[in-house]
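Engineer: Let's see this in three dimensions:
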Amino acid sequence: MTAYYRLRKGWLIAFYSLIILAGMVGMVVDSGNWHTLEKQFDKHFSAKIYDEIRDYLGTEQVSHADVYDKYENAYLYLNMIESDGETDGKGSTKQAGAAPSAYYKQMPAKFETFRARQLAYYGPTNRHLYGEGLVPYRQIWLGIPEETVNISLNAVALIGAPLLVIVAVFGLMLMFDQWKQLPSFIRSRTGHAGLLLGAQAIYWAIIPFVLAGVMSVVTQLTRSLFIPEKFVTVPWSAILNYSADFLAQMILLVILASFVHALVGNPIYKVITFICALGALGLSISVFYGLTGIGILNNFNRFSYLTYFLIGGVSILATVWLQSKYSLEQDSSYIRLPKLRLAFYLVIVFFTVFDFLVPLFALRGDNWRVMDSVIHVIVPIVLVVLFAKLVLNKDIRHLFSK
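Structural biologist: Okay, here's the model as predicted:
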């Protein structure tokens, strides 16, 4: 730990400083976006027009066309009401073709209440779409002629894309340190290369996650310093639930990245494995949905922490075992341990068949073209031959020639 910190001290301090700076910049950007929203709202909405539209909807049996003909910008007000996502009192949400009276019931009696609701930093939230959860990035779009207003409000600070960046940096540093032959150096001094991987995970992933979490909490606590307090009611429970789920997923990604690092030798092959794995998983999810109608990504956030713990625990044990077998000669191989190469190749063959050949026979529809069939035949052949050479160092074309 100490030796690695001394070796990468300058880089680590710079990285941690960038995380803190990103948190501070995020505070300013969030504040600026909200004040832009306030400015645009006050520019295009007025209490007089709002009261007229509401009174018109409440006293006349009119159609949508009548409302839009009488008030040129009525669609702005009604769209904002629709985005509120509340029900008509019977448990059903409003649809785009709802009767004007439905809008009247949802429109607050006072314009100030309507304004406060639309300018609330963490709302309004459509609970029927998100349950009791949180919309991490609230997108506000106003389709105004000759001026399109598109504003995003970040409700979760650094708990989001920045954590993905941290995972990416962690992966890059694993490959960079391997290129500098740090694993062999550490193993020669300590007898175990796993100590280096542990230090890398702590310095490049765990500590940055903690810093991002602290900066996110500071951001939530200081929002009222930049935005009027009446518009900032922090939904702590929803934010904590979302942050815990997202952080668990990022920690699992770090563990899986460590496992791939311990399994695959050459850094170039690590990149190839990462890109191909993403593509294979994406296609598999699509094919699985086509076969069963079950969307895995839609249910991903419903996975329990026990699931994360089991996957992460098995991956950690496998990583520790692989690191205990480490030697410098393995760095040039695709799969470090020879006895695992055939199993890894069979996994590739399975995903190739499932992603390309299964759709060819089971999911062909009316829009299926001849070129689609050609692609679903040629691509798996190329992948099977290519990875046989990379992983097994065998040219399976000889099998066909024989």
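Engineer: can you tell me which residues contact Gln40?
Structural biologist: Contact analysis of Gln40 by C-beta atoms under 8 Å, 6 or more residues apart in numbering lists Leu142, Val149, Ile151. C-betas here are computed from N, CA, C, even on glycine.
Engineer: Sort out which of the residues you listed are in strands and list them.
Structural biologist: In this view, those that belong to strands under DSSP state E are Leu142, Val149, Ile151.
Engineer: any idea which of those residues has the most stuff around it?
Structural biologist: Highest neighbour count within the ones in strands among the contacts of Gln40, by other C-beta atoms under 10 Å: Leu142, with 20 neighbours.
Engineer: thinking again about what came up before, mind picking the lowest-pLDDT entry from the contacts of Gln40?
Structural biologist: Within the set of the contacts of Gln40, pLDDT is lowest for Leu142 (73).
Engineer: On the three-state scheme, Tyr326 is what?
Structural biologist: coil (DSSP: H, G, I helix; E, B strand; the rest coil).
Engineer: pLDDT wise, what is it at?
Structural biologist: pLDDT, Tyr326: 76.
Engineer: I'd say it and Ser333 touch.
Structural biologist: No - look at Tyr326 against Ser333 with C-beta atoms under 8 Å: they stay out of range, at 11.7 Å.
Engineer: who's more crowded, the two?
Structural biologist: Using other C-beta under 10 Å, the more surrounded residue of Tyr326 and Ser333 is Tyr326, with 22 against 17.
Engineer: Relative to Gly313, how far out is that one?
Structural biologist: Distance, Tyr326 to Gly313, by C-beta to C-beta, to the nearest Å: 21 Å.
Engineer: rewinding a little: could the contacts of Gln40 be laid out in CSV, adding distance to Leu306?
Structural biologist: Conversion of the contacts of Gln40 to CSV gives the following (distance: C-beta to C-beta, whole Å):
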residue, distance to Leu306
Leu142, 44
Val149, 44
Ile151, 39
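Engineer: so which of those comes closest to Tyr4?
Structural biologist: Ile151 (43.1 Å; C-beta to C-beta).
Engineer: residues touching that closest one, list them.
Structural biologist: Ile151 touches Asn33, Thr36, Leu37, Gln40, Gln139, Ile140, Trp141, counting by C-beta under 8 Å, 6+ apart.
Engineer: One more: Arg223?
Structural biologist: Neighbours of Arg223 in contact, by C-beta under 8 Å, 6+ apart: Met27, Asp30, Ser31, Tyr121, Val232, Val234.
Engineer: and with 7 Å instead?
Structural biologist: By C-beta atoms under 7 Å, 6 or more residues apart in numbering, the residues touching Arg223 are Tyr121, Val232.
Engineer: Name the helix or strand for it, please.
Structural biologist: helix 207-226 (DSSP states H and E).
Engineer: Neighbours of Ala212, how many?
Structural biologist: 25.
Engineer: any idea what sits nearest it, other than its immediate chain neighbours?
Structural biologist: Sequence neighbours aside, Leu158 is the residue nearest to Ala212 in space, at 4.1 Å (criterion: C-beta to C-beta, 6 or more residues apart in numbering).
Engineer: Looks to me like the one you found is in a helix.
Structural biologist: No - counting by three-state DSSP, Leu158 is not found in a helix; it is coil.
Engineer: thinking again about what came up before, so which of the contacts of Ile151 sit within helices?
Structural biologist: Residues of the contacts of Ile151 located in helices (DSSP state H): Asn33, Thr36, Leu37, Gln40.
Engineer: Measure how far stretch 227-242 is from the centre of its chain, please.
Structural biologist: 21 Å (C-alpha atoms, centre = their mean, to the nearest Å).
Engineer: Stretch 274-281 too?
Structural biologist: 16 Å.
Engineer: buried residues in that stretch?
Structural biologist: Neighbour counts over stretch 274-281 (16 or more other C-beta atoms under 10 Å) mark Ala280 as buried.
Engineer: as a whole number, average confidence for it?
Structural biologist: The model assigns stretch 274-281 a mean pLDDT of 86.
Engineer: circling back: list phi and psi for the residue nearest to Ala212.
Structural biologist: Here is the backbone geometry of Leu158 (degrees, to the nearest 10): phi -90, psi 0.
Engineer: Please enumerate the helices of the stretch 301-402 of the chain.
Structural biologist: 305-324, 341-352, 358-362, 370-392, 397-401 (DSSP state H, counting those that start in this stretch).
Engineer: which strands and helices sit next to the fourth one?
Structural biologist: Counting contacts by 3 or more C-beta pairs under 7 Å, 6 or more residues apart in numbering; DSSP states H and E, helix 370-392 packs against helix 341-352, helix 358-362.
Engineer: so can I have CSV of these showing mean pLDDT and mean neighbour count?
Structural biologist: Below are the helices and strands packed on helix 370-392 laid out as CSV (pLDDT from 0 to 100; neighbours: other C-beta atoms under 10 Å):
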stretch, mean pLDDT, mean neighbour count
helix 341-352, 92, 15
helix 358-362, 79, 14
